[in-house]
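A.B. asks: Prediction below, plus the sequence it came from.
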Amino acid sequence: MSLTEDERAFRKIEEKVKRAIFEYGLIADGDRILVGLSGGKDSLALVDLLERRSRIFNPRFELVVAHVVMTNIPYQADLAYVSRFLEERNLPLLTVETGFDASTDRRKSPCFLCSWTRRKALFELAKERGCHKIALGHHQDDLLETLLMNLVHQGAFGTMPPRLKMDKFEMEIIRPLCLVEEKELRWLARWRGYREQTRNCPYESGSNRSAMKELLARMEAIHPGARYSLWGSMTNIQEDYLPRKSR
């Protein structure tokens, strides 16, 4: 039986997740993985795609899903909807509350402090639940925008890798959506009927990420294959053609 256009588009996304898992060694047999679920389209897609993948024989792995509530930020996910979403996939929802005081560290942006506080809560919960990997819903656009932010603001060539070993916490962070474009996830959210969450973060307007999103779009307008060139550049470092300080 032939597939519809939508079914082919969905298969393409699933294939990208499969390729990321095997190319970057994200998941192995017997893994118990904590998935960070914010309630937005990216994390809903991550749970959706990984749950489907977990029913395939190779590799065999188990999912634990967690939502972090930030007590000092008014943005709240619709936990009733999120719980129903997980119940349909036979997955329980774990919730943990935490928060931060942006005035305690002026050297770091509120976005950094929020991200780190959430991450720390996930590390602690993962250890409690016997998980040694944490899956986050960052997609290809997130990784490319981070690359551009580091180049422009830090003078460094780096991004959020598909797989990051955190020795201090004896934990690995994995990003199975790293090859999936954001526009594909927007389509998936509409097709699968994910409920859109209302964002109300007081610090969001001060983030540099929106500027990098615009920069990436402008680069693609100049050259449609710009994102793939940027992605490829991270594994095609031509050191002989870079400046070197003489000792």
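C.D. replies: Received, thanks.
A.B. asks: Do a quick rundown of the helices in the protein.
C.D. replies: Ranges of helices within the chain are 5-23, 41-54, 79-87, 110-128, 140-149, 182-192, 209-222, 226-233, based on DSSP state H.
A.B. asks: would you turn those helices into a markdown table with mean pLDDT?
C.D. replies: Formatted as a markdown table, the helices of the chain follow (pLDDT from 0 to 100):
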| stretch | mean pLDDT |
| --- | --- |
| helix 5-23 | 97 |
| helix 41-54 | 97 |
| helix 79-87 | 94 |
| helix 110-128 | 88 |
| helix 140-149 | 97 |
| helix 182-192 | 97 |
| helix 209-222 | 95 |
| helix 226-233 | 97 |
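A.B. asks: Figure out which of the ones you listed is closest to V35.
C.D. replies: helix 41-54 (5.6 Å; CB to CB). (Glycine included, C-beta is placed from N, CA and C.)
A.B. asks: wait, what's in contact with the residue nearest the centre of the chain?
C.D. replies: The C-alpha lying nearest the average C-alpha coordinate of the chain belongs to H138 (CA atoms, centre = their mean; 1.8 Å). Counting by CB atoms under 8 Å, 6 or more residues apart in numbering, H138 makes contact with D42, M160, R175, L177, C178.
A.B. asks: Give me the distance between the fourth one and W187.
C.D. replies: It refers to L177. According to CB to CB, to the nearest Å, L177 and W187 sit 14 Å apart.
A.B. asks: Which one's more surrounded, the two?
C.D. replies: More neighbours surround L177 than the other of L177 and W187, with 30 against 15 (other CB atoms under 10 Å).
A.B. asks: wait, that one sits on A20?
C.D. replies: Yes: contact criterion CB atoms under 8 Å: L177 and A20 qualify, at 7.4 Å.
A.B. asks: How much space separates E220 from L144?
C.D. replies: E220 is 10 Å from L144, by CB to CB.
A.B. asks: picking that back up, now distance to R32 too, for the helices of the chain, in TSV please.
C.D. replies: Converted to TSV, the helices of the chain look like this (distance: least, CB to CB, whole Å):
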stretch	distance to R32
helix 5-23	15
helix 41-54	11
helix 79-87	17
helix 110-128	9
helix 140-149	25
helix 182-192	25
helix 209-222	31
helix 226-233	30
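A.B. asks: what's the closest of those to R247?
C.D. replies: Using CB to CB, the helices of the chain put helix 226-233 closest to R247, at 26.9 Å.
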